[in-house]
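**Q** need coordinates for the below:
(2 chains)
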Amino acid sequence: MSRREFLRRLEELLYDISENERREAIQYYKDYLDDAGVENEEEVLEALGTPEQVAAVIKDSLREGNGEEGEYTETGYKSGMEPKSEEIARRAAARYRSNQAKAKSSGLSTGMIVLIVLLALCAAPIIIPIAIALLAVFLALGVALCAVVVALIITGVVMVGAGIVFVVKGIGEVFVAPYAGMVTLGISLFVIGLGLLCILLMVWIFAKAIPGLVRGFVALCRLPLKKREARQAAKEQQSAQAEQEKKETL
Amino acid sequence: MVFNTGAALLDAIVLAVVSMEPEGTYGYKITQEVRQVIELSESTLYPVLRRLQKDECLEVYDMEFAGRNRRYYKITERGQAQLSLYKEEWKRYSAKISGMFEGGIR
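**A** Below is the predicted model:
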């Protein structure tokens, strides 16, 4: 909704109050939007609420307002408070949940830990060779990939080189045997193009794909570590939050 | 904020904000300044300002600003008196509550 729409709608909604009151209210909100600045218009319009809400607040105050005390009741700004207390409730619920989760996840007794260490020790003779083998396989795959890429680059270079030679030869040939010369020229240009494509593709693989693969592999290796980091971060955040709440209550 | 702001306290805050500007100030600025101390929706303040104006605690005047007329609010003598009453009342009220929380005063 634009500023113009907002003001027009508000004016419409205030049809049943006195003209003086309506003018005052419109003037106020016009000023308000002008002072908020065009660049904040959307944000301010959203903060103000719908014209219906704004009109309701104005009419409410006029209805109750006959010089009596408390003419402006809490309902007017309670609307601003309610989400707040909801938010507090939500935060509390979230804290409760994560506390429970933490209790569950850190439920490793010392006995369990000893058991895990023992298991790891027993498994070491098997796991270490497997790990080495896996590493070797990955290394071999990497080397093979590099070899293929390099071979293709060389192919590309050779194709381009040969293509250029044959283009030169084709140009000479055109004058002697025009048709055959043209075919030679065409094919050699085609070969140059293919070779260039090949080189470009391989360069792209070198520049983008291989680093990407390496990053992916590293990320894979760090996955278990990351989980622990995330848990640590969550724990820190939680304690910070608790502290802040303590401050707030003070 | 956990505590609700009652109508009287809101009046007092608005009067205090306006009284800080002897030359008068305008709706948007008042709203922003009030919002620094309490949470309230942006559309809450208009009825408060309007009522304070009707009660002759505030007076309004229009002044040109950036090619348009802007409405300014200025505290009146009556508003000033009302504000000092509120201030006095608040001092007693908050002191009593703080005293009770700290368990000093019986």
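**Q** list the helices and strands the helix or strand where A:Tyr179 lies packs on?
**A** Per DSSP states H and E, A:Tyr179 falls inside helix A:178-204. Where contact means 3 or more C-beta pairs under 8 Å, 6 or more residues apart in numbering or on different chains; DSSP states H and E, helix A:178-204 is packed against helix A:110-176. The C-beta positions use only the backbone N, C-alpha and C, and glycine is treated the same way.
**Q** which other helices and strands contact the helix it packs on?
**A** helix A:178-204, helix A:210-249.
**Q** from the rest of the structure, what touches stretch A:148-161?
**A** A:191-192, A:194-199, A:201-203, A:205-206, A:210 (C-beta atoms under 8 Å, 6 or more residues apart in numbering or on different chains).
**Q** list the buried residues in that stretch.
**A** Within stretch A:148-161, the residues scored as buried using 16 or more other C-beta atoms under 10 Å in any protein chain shown are A:149, A:153, A:156, A:159-160.
**Q** next, the buried residues of whatever helix or strand B:Glu88 lives in.
**A** Per DSSP H and E, B:Glu88 falls inside helix B:77-102. Of the residues in helix B:77-102, B:79, B:82-83, B:86 count as buried by neighbour count, 16+ other C-beta under 10 Å.
**Q** now those residues as TSV including distance to A:Arg215 and pLDDT?
**A** Formatted as TSV, the buried residues of helix B:77-102 follow (distance: C-beta to C-beta, whole Å; pLDDT from 0 to 100):
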residue	distance to A:Arg215	pLDDT
B:Gly79	66	92
B:Gln82	68	92
B:Leu83	64	93
B:Tyr86	64	94
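**Q** could you export stretch A:163-178 as PDB, CA atoms only?
**A** C-alpha atoms of stretch A:163-178 as PDB (Å, rounded to 0.1, in the frame of the first residue of the first chain):
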ATOM      1  CA  GLY A 163      44.500 -27.100 -37.500                       C
ATOM      2  CA  ILE A 164      46.600 -24.000 -38.100                       C
ATOM      3  CA  VAL A 165      49.100 -25.900 -40.200                       C
ATOM      4  CA  PHE A 166      46.400 -27.400 -42.300                       C
ATOM      5  CA  VAL A 167      44.700 -24.000 -42.700                       C
ATOM      6  CA  VAL A 168      47.900 -22.600 -44.100                       C
ATOM      7  CA  LYS A 169      48.200 -25.700 -46.300                       C
ATOM      8  CA  GLY A 170      44.500 -25.400 -47.400                       C
ATOM      9  CA  ILE A 171      45.000 -21.800 -48.400                       C
ATOM     10  CA  GLY A 172      47.800 -22.800 -50.700                       C
ATOM     11  CA  GLU A 173      45.800 -25.700 -52.000                       C
ATOM     12  CA  VAL A 174      42.700 -23.500 -52.800                       C
ATOM     13  CA  PHE A 175      44.700 -22.000 -55.700                       C
ATOM     14  CA  VAL A 176      45.700 -25.300 -57.100                       C
ATOM     15  CA  ALA A 177      42.600 -27.500 -56.500                       C
ATOM     16  CA  PRO A 178      39.900 -25.200 -55.300                       C
END
